[in-house]
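Engineer: No letters, just coordinates:
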């Protein structure tokens, strides 16, 4: 990463942490916290999309057709860029709906060993990229389509 992207990633991380600390401080009940969090994250996701800060992945540049690893690649890339995130924050950044399904999806990636799972001081569930996840991200970022230099195999038919 270059210096500019490191600074923007730090700013995004600190703004997300500031957001959650303020929501916890102002909320009096769990239901109120959930309402505030949902409203704030929807607005946060819209602002990011409006500023066109959503990443275009290198995989999408190489391949225009959707693949089965597209969401996994996007998820690992978001965790690499932003660091530790909780499921609703990740859902807003990844444009993943419904938000409640993000808990299940991130838990599945944790069970695969691609994400680390922890809790902060307030008990908030946080996920971060593991070493195995970094290796998988590197593997997924290499284009694996047919190369122009390789000749296509010729079709042969056999008589019986």
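Structural biologist: Thanks, I have it. All values derive from a computational prediction rather than experimental measurement. Residues are numbered from 1 along each chain as shown.
Engineer: hey, where'd the helices end up in this protein?
Structural biologist: 3-26, 30-50, 58-62, 70-82, 87-94, 101-112, 131-141 (DSSP state H).
Engineer: Ranked by average pLDDT, which of the ones you listed falls at the bottom?
Structural biologist: Note on the helices of the chain: helix 58-62 shows the lowest mean pLDDT, a mean of 46.
Engineer: What's the end-to-end length of stretch 90-107?
Structural biologist: Criterion C-alpha to C-alpha, to the nearest Å; first-to-last residue distance in stretch 90-107 is 13 Å.
Engineer: So which bits of it are buried?
Structural biologist: Residues of stretch 90-107 classed as buried: 90, 91, 92, 93, 94, 96, 99, 102, 103, 105, 106 (neighbour count, 16 or more other C-beta atoms under 10 Å). C-beta here means a position set from N, CA and C on the backbone, and glycine is covered the same way.
Engineer: can you check stretch 119-135 too?
Structural biologist: Buried residues in stretch 119-135 (16+ other C-beta under 10 Å): 124, 126, 127, 129, 130, 133.
Engineer: Relative to residue 137, how far out is the first one?
Structural biologist: As defined by C-beta to C-beta, to the nearest Å, residue 124 lies at a distance of 24 Å from residue 137.
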